[in-house]
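Q: I'd like to go over a predicted model; first the sequence, then the structure.
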Amino acid sequence: MPARAGEAVIDSARDAVVGPVETLLLARIACEGGATRSDLARDAGALLQHKLSPAEVRAAVDAGVGALIQRGFAIETRGRLSATAAGTEVAGSFIEAGSLPLAGWDQVRDTALVAKALG
């Protein structure tokens with residue numbers, strides 16, 4: 001069992017197809033409306049700022065987005081990222097969503113990710 005509740009998200013994400021940061025980014029991208037890179041930096045930064053500096057968050061977002069696109073989990077069109085069918089499935093299984101596509105980021109962040117972190 002993790003020492004802190006927040007580590008539960010990271011521990012279970014390690015078993016996913018991509019790493020924990022990429023899985024978090026994919027969960028954000030798979031929400032309705034997709035996300036831009038600045039959305040990802042802002043939203044992921046709020047969750048990662050205790051471990052990474054703002055520059056490290058931006059670098060992690062860029063690397064993570066590249067990995068997601070390379071693996072076919074996300075596509076980028078005119079600066080907006082959206083999840084592919086495979087990406088939506090991976091994100092849905094990570095946050096244990098009952099229905100796909102995922103709801104808005106606020107709902108996913110405030111309910112699904114909190115529930116995931118609490119076990």
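A: Yes, it's here.

Q: for the rest of this, base every contact and every neighbour count on C-alpha atoms.
A: OK.

Q: which residues does the host helix or strand of L40 contact?
A: Here L40 sits within helix 37-48, counting by DSSP states H and E. Identification of contacts with helix 37-48 by Cα atoms under 8 Å, 6 or more residues apart in numbering yields 24-25, 28-29, 54, 57-58, 61-62, 79-81.

Q: mind redoing it with 7 Å?
A: 25, 54, 57-58, 61 (Cα atoms under 7 Å, 6 or more residues apart in numbering).

Q: just the buried ones from these?
A: Among the contacts of helix 37-48, those buried by neighbour count (16 or more other Cα atoms under 10 Å) are 25, 57-58, 61.

Q: OK, contacts around the residue minimising distance to the centre of the chain?
A: Of all residues in the chain, the one closest to the mean position by Cα atoms, centre = their mean is L24, 2.0 Å from it. L24 makes contact with no residue, according to Cα under 7 Å, 6+ apart.

Q: what helix or strand does it sit in?
A: Going by DSSP H and E, L24 is part of helix 20-29.

Q: coming back round to it: could I get the buried ones among the contacts of helix 37-48 as a markdown table with pLDDT and distance to D110?
A: Formatted as a markdown table, these follow (pLDDT from 0 to 100; distance: Cα to Cα, whole Å):
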| residue | pLDDT | distance to D110 |
| --- | --- | --- |
| L25 | 95 | 15 |
| V57 | 90 | 21 |
| R58 | 92 | 23 |
| V61 | 94 | 21 |
